[in-house]
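S.K.: Give me a 3D structure for the following:
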Amino acid sequence: MKDKNLFLPVLILGIVAIPVFIILVEADFGFVSALGGGVFSGMAVSGLLFYKRWSLIDKEAADKKAAILQPKLDAIPKIETPCLVSIYRPSSLLGGMMSVFVFLHDVRIGELKNGKTFSFSTYYATNTMKLIYEADDTTIRETFSADAGGSLRYKLNYRKGILEKN
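M.R.: Sure, this is the predicted structure:
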């Protein structure tokens with residue numbers, strides 16, 4: 001699972017590509033230079049179109065997933081006051097630049113950065129949490145019960161592939 005944060009770089013490429021193409025054609029640098037500018041411009045435009053397509057595909061997939069997931073979530077008993085859940089990821093040089101994506105009931109709720117704590121609240125009595133390490137797609141699953149007004153603390157032990165409850 002990789003983020004598709006390509007919009008800004010592709011937009012910048014598109015903004016830069018069009019004037020470059022015009023300058024190459026107008027300056028009469030020759031056919032090869034103009035062709036290179038045209039290819040560059042074409043790459044920028046196609047990148048924008050692919051980004052738009054990815055966005056639509058992601059939205060459609062999310063809508064379908066929500067329609068399937070909602071009845072399952074409705075069946076889970078709720079608690080009156082939320083339970084606070086915190087996950088701590090110790091700082092590590094190895095793999096430190098990569099994020100750990102946090103899911104609750106198969107819905108991505110955030111990401112856990114190196115040396116940081118990620119916290120969230122849940123109103124569900126029984127919860128399924130999933131952590132996916134961006135670098136190699138290692139997945140850790142944890143099912144836990146939440147008490148009304150309570151709190152749970154976990155420490156991610158990536159090397160062992162487990163969540164340690166504190």
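S.K.: Verify the contact between residue 81 and residue 148 for me.
M.R.: Yes - if you go by CB atoms under 8 Å, residue 81 and residue 148 touch, sitting 4.8 Å apart. For every residue, glycine as well, the C-beta is placed using N, CA and C.
S.K.: what comes up buried for stretch 99-115?
M.R.: Within stretch 99-115, the residues scored as buried using 16 or more other CB atoms under 10 Å are 99-105, 111-112, 114.
S.K.: can you list the domains in this protein?
M.R.: In the domain annotation for the chain, the residue ranges read 7-73, 77-165 (automatic domain parsing).
S.K.: Considering the ones you listed, which stretch scores lowest in mean pLDDT?
M.R.: Note on the domains of the chain: domain 7-73 shows the lowest mean pLDDT, a mean of 65.
S.K.: Strands along the chain, start to end?
M.R.: Using DSSP state E, the strands of the chain run over 78-88, 100-104, 107-112, 117-124, 126-133, 139-145, 151-157, 162-165.
S.K.: now those strands in JSON lines, with distance to residue 19?
M.R.: Listed next are the strands of the chain as JSON lines, based on distance: least, CB to CB, whole Å:
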{"stretch": "strand 78-88", "distance to residue 19": "47"}
{"stretch": "strand 100-104", "distance to residue 19": "38"}
{"stretch": "strand 107-112", "distance to residue 19": "36"}
{"stretch": "strand 117-124", "distance to residue 19": "43"}
{"stretch": "strand 126-133", "distance to residue 19": "41"}
{"stretch": "strand 139-145", "distance to residue 19": "45"}
{"stretch": "strand 151-157", "distance to residue 19": "47"}
{"stretch": "strand 162-165", "distance to residue 19": "51"}
